[in-house]
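Asks: Based on what follows, work out the 3D shape:
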Amino acid sequence: MKNKITLIVLIAGLGASLLFFGCSSTKAASDEAVAALEQRVSELDKTFNVDARKYVSVYFELSDAYKSRGEDNKAYEAATKGLRLDSLNMDMQCRAAEYEVANANYDLAYPRLAAILEKSDDKKLVALAQSLMDKIPQSYKDAAVNLFVTPMYEKTLLVVFYPGVEDVYKTAITQRIQQEYKLTVITQELDIEESKKNIRDSYSDFLSETLENLILGNSPEALANTLAYLGIAFDDLEDNETKEFFVKNVFLNSGYTEADWEQLKAQYEMQYDANELIVQVLDNCTTESDCLGILGVTGKDIYSGSPNNNFLFGLSSENVSVMSVNRFIKGETDKVLAAKRAIMQAFSSTGYIIGIPRCSTPLCARAYPNSLAEQDMKNDVLCPSCVQSINEVYASLK
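Replies: Numbers count the residues shown, from 1 in each chain. Here you go, the predicted structure:
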């Protein structure tokens, strides 16, 4: 009888506080508690988005602590910092909007409240959002709906494509950037492959991590029996080919099929260091004085260069960004959806290039997504707050 080993996946989640400004704790947070949270937030502010997202609840906890002490300005600031990492936290969106309405910052509150009313199934939350929306003068609502980017076609953005990016995505990215940002997009085809400096074999990492979990999650006897059944010794697992043989057999003996294995395997491939690609783009592109920056587009999977980073949709450094369409087009994804995903990432990267703030508005194309599921929940248009930020940047360039 075949031995079966159950793969154990441990998923740890951090719960965020979900208190409105009007419903916070009556007990004021101590100086020591606030200081500790401020220290953690200070450290998170210096970390990469992907890493900080894991601990986004710290920002919301600090917001709660400030609110309990009547420090509403600081509570709002902490909440909006957290929303830049988790814009789909509708409770905190309502908290931010409540503060903004109270301070007549209607242009910021409107898109938050509109998103809550469109997407939330929480009746209490929707009722509160509607009551806040009713306090916004109609003139501001009309202005938000009719707000457009002031054209700046005298400025350019250079978009460069690595070999292998399909024409449909090239066209979608360049046309929509020009339409939404209203600047002139110049394109360039790179005739070089992506830099392999600091390249990472994600499939090999997957095999090693899975093997470690199997060893830790099963008794020595169960492990020895499985190894004996497969005819391999424990020391043989150092070899990558044997490691794959072992993991694959455990997978198949757990009720999965060969097709399931191939589908799983297809998710892992060589990953390219986005920082190295940024350097490569800079070394191989020249720009004129009217160019605001460069966006590099690759079909390869990318990561931040850190061993703790799983993958990236894009990475920016000053006025240069690199984005990947790799995870947008995998599997049986239709080209319309894949193009929408690529467009939203291009909008996000372009925003970094021209220097507008990170967006905390839910459903905005530039809101930070932590997964494809979150990417797909967004709209492929810029929110009024981003449009206003773009206009402010453009005005400063005249």
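
Asks: My reading is that V50 lies in a helix. Confirm?
Replies: Yes: the assignment for V50 (DSSP: H, G, I helix; E, B strand; the rest coil) places it in a helix.

Asks: which parts of stretch 331-344 are buried?
Replies: 338-344 (16 or more other C-beta atoms under 10 Å). To be clear about C-beta, it is placed using only N, CA and C from the backbone, and glycine gets the same treatment.

Asks: now stretch 389-398
Replies: The neighbour-count check on stretch 389-398 (16+ other C-beta under 10 Å) flags 389-391, 394 as buried.

Asks: got it, and stretch 144-161?
Replies: For stretch 144-161, by 16+ other C-beta under 10 Å, it's 144, 147, 149, 152, 155-161.

Asks: average pLDDT for that stretch?
Replies: Averaged across stretch 144-161, the pLDDT comes to 94.

Asks: Ends of that stretch, what's the gap?
Replies: End-to-end span of stretch 144-161 (C-alpha to C-alpha, to the nearest Å): 34 Å.

Asks: from here on, count from 23
Replies: Fine by me, first position is 23 from now on; the one you just mentioned is stretch 166-183.

Asks: contact partners of stretch 187-206?
Replies: With contact meaning C-beta atoms under 8 Å, 6 or more residues apart in numbering, stretch 187-206 is reached by 171-179, 181, 183, 207, 209, 314, 317, 319-321, 347, 351, 357, 360-361, 364-365, 368-369, 372, 376, 402-404, 412.

Asks: And for stretch 404-417?
Replies: With C-beta under 8 Å, 6+ apart as the criterion, stretch 404-417 contacts 129-130, 132-133, 166, 169-172, 174, 177, 202-203, 369, 373, 376-379, 381, 383, 385-388.

Asks: Give me the buried entries from the residues you listed.
Replies: Here, 16+ other C-beta under 10 Å leaves 129-130, 132-133, 166, 169, 171, 174, 177, 202-203, 369, 373, 376, 378, 381, 383, 385-388 buried among the contacts of stretch 404-417.

Asks: Restrict the strand or helix carrying I208 to CA atoms and write it as PDB.
Replies: Taking DSSP states H and E as the criterion, I208 maps to strand 206-211. C-alpha atoms of strand 206-211 as PDB (Å, rounded to 0.1, in the frame of the first residue of the first chain):
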ATOM      1  CA  THR A 206       3.400  61.900 -25.600                       C
ATOM      2  CA  VAL A 207       4.500  58.200 -25.400                       C
ATOM      3  CA  ILE A 208       7.600  57.300 -27.400                       C
ATOM      4  CA  THR A 209       8.400  53.600 -27.800                       C
ATOM      5  CA  GLN A 210      11.600  51.700 -28.200                       C
ATOM      6  CA  GLU A 211      12.300  48.000 -28.900                       C
END
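
Asks: and the closest residue to V303 other than its chain neighbours, how many neighbours?
Replies: Spatial nearest neighbour of V303, excluding adjacent residues (C-beta to C-beta, 6 or more residues apart in numbering): G318 at 4.1 Å. The tally of other residues near G318 (other C-beta atoms under 10 Å) stands at 28.
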